[in-house]
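Student: coords below, sequence missing:
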Ligand code: UDX
């Protein structure tokens, strides 16, 4: 990767997006001035502590210590950099709109300047750029430039996604700032989409809504497969080979979660509604996802009857593997539903336990998959952590009280599970009954 000195930048907000963006641009050769209002976080970063678990990030930050500057003082970034990347949170409000108060605070903190530009990384509704430019004008800061440069990082592979993006989208007003952002990305071998600000904002929302739609679609196909006896894994394999469809994001499961899809789908639906358009499809995408998280309950009840007093082990809690992020994780809904139905919940996650403890009440956290399944009436695989592929299913069957394995991510081999003595229930595939071992069958 290029290491010659490049334009210094500022990054406001040191969450997932901000830190990865900062470390990524440091890797490309820029000095990066990272600003956050959270003094404890900045102190930690200055002492080498990375507040999130993201593969490769700690190494990258460590490698570029001399180029990464962490501070709570915005003037550090303003003094050294023209381009200020904004990566602050835009959580959903009760109405489903995005909460833009953190962004408004950033805008208000900017001085009048002809030399600076805000580069928006946070996901914002279409039209935010216009309203920020209007605010700048009202505050006598019309010289401040604005660029929309949405991020498409996936948690768990964010560093790789930054350095090897499918595309870079830059929406600008045709001034120096858009050019400068394009120049910053020039060492990367990626198609660059140069466009207007509103279209760039829409690219991000539409991309996430489309991917969420793809997931809800395959989940509905899975539910139909359960009625008809087809296997959704085979169906997705057959569909995915069509170039126009593609194999990615066709994995049926117990619903999508995370910090982006739930929020962005509802933000787009709300944005459409606010503009007078009823986005019917997205209503269904959201509803299908909510119901999908609950379908595990009926599978458990089908096998166990009442769940009162039953012990259920959850394998994995994070919204997906390789992250400790618990936001909108299916495990949150599932563990609450299970406890409401009278079950006792034991859970293991290789990385997300600390985060999960903040959000899950009444759950018994254990330190290994083996400890979770011991004595359980049923095991539910919630997150497809790679280590679960290595589980000794025969040992699992032996240490459980019951035999039911619900594979919420179609991650395990149904035949291997059945041969190990487990009753296998996936998502959208035929149930496979436990097969007694040869020794038992002989008795
Ligand atoms: C997503 C987008 O992919 C990324 O471009 C955007 O910048 C942020 O939102 P992320 O939230 O990190 O990234 O996770 P992603 O890997 O996209 O998965 C989202 C959810 O969908 C997870 O809960 C995952 O389990 C689920 N999923 C994904 C499925 O259920 N089936 C699939 O086939 C793919």
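Tutor: Cool, got the structure. Quantities reported herein were computed from a predicted structural model and do not represent experimental measurements.

Student: residue of the stretch 51-200 of the chain with the smallest distance to the ligand?
Tutor: Nearest to the ligand, among the residues of the stretch 51-200 of the chain, is residue 155, at 3.5 Å (CB to the nearest ligand atom). Backbone N, C-alpha and C define where each C-beta goes, glycine included.

Student: which one is that residue nearest to, not counting chain neighbours?
Tutor: residue 323 (4.3 Å; CB to CB, 6 or more residues apart in numbering).

Student: The one you found: what's it in contact with?
Tutor: 53, 54, 155, 156, 351, 352 (CB atoms under 8 Å, 6 or more residues apart in numbering).

Student: residue ranges for the strands of this structure, please.
Tutor: 6-12, 30-35, 68-71, 83-86, 117-120, 145-148, 168-171, 192-195, 311-315, 344-348, 364-365, 378-381, 404-407, 423-425 (DSSP state E).

Student: For the residue of the stretch 51-200 of the chain closest to the ligand, list the residues it contacts.
Tutor: By CB under 8 Å, 6+ apart, the contact set of residue 155 is 16, 54, 258, 259, 320, 322, 323, 325.

Student: go on, residue 431?
Tutor: Contacts of residue 431 (CB under 8 Å, 6+ apart): 423, 424, 425.

Student: Same check on residue 88?
Tutor: With CB under 8 Å, 6+ apart, residue 88 has these contacts: 12, 13, 15, 18, 102, 103, 106, 122.

Student: rerun that using 7 Å as the cut-off
Tutor: Neighbouring residues of residue 88 by CB atoms under 7 Å, 6 or more residues apart in numbering: 12, 13, 102, 103, 106, 122.

Student: With residue 185 instead?
Tutor: 168, 192.

Student: For this structure, which residue occupies the most central location?
Tutor: residue 258 (3.8 Å; CA atoms, centre = their mean).

Student: Pop out the phi and psi values for the residue of the stretch 51-200 of the chain closest to the ligand.
Tutor: phi -60, psi 140 (degrees, to the nearest 10).

Student: quick one: which of the contacts of residue 88 is nearest to residue 71?
Tutor: The nearest member of those to residue 71, counting by CB to CB, is residue 12 at 10.8 Å.

Student: Is that closest one bridged to anything, and to what?
Tutor: Per DSSP bridges, the residues bridged to residue 12 are residue 35, residue 86.

Student: per-residue confidence for residue 436?
Tutor: Here, the pLDDT recorded for residue 436 equals 75.

Student: actually residue 97, not the one I typed
Tutor: 83.

Student: show me what contacts it?
Tutor: Residue 97 neighbours (CB under 7 Å, 6+ apart): 267, 270.

Student: Any residues of the stretch 201-350 of the chain in contact with the ligand? List them.
Tutor: Residues of the stretch 201-350 of the chain lying near the ligand by CB under 6 Å from any ligand atom: 208, 211, 215, 249-251, 253, 256-258, 260-261, 319-320.

Student: Out of the residues you listed, grab the one that's most surrounded.
Tutor: residue 319 (28 neighbours; other CB atoms under 10 Å).

Student: In space, what's closest to it - neighbours in sequence excluded?
Tutor: residue 257 (3.4 Å).
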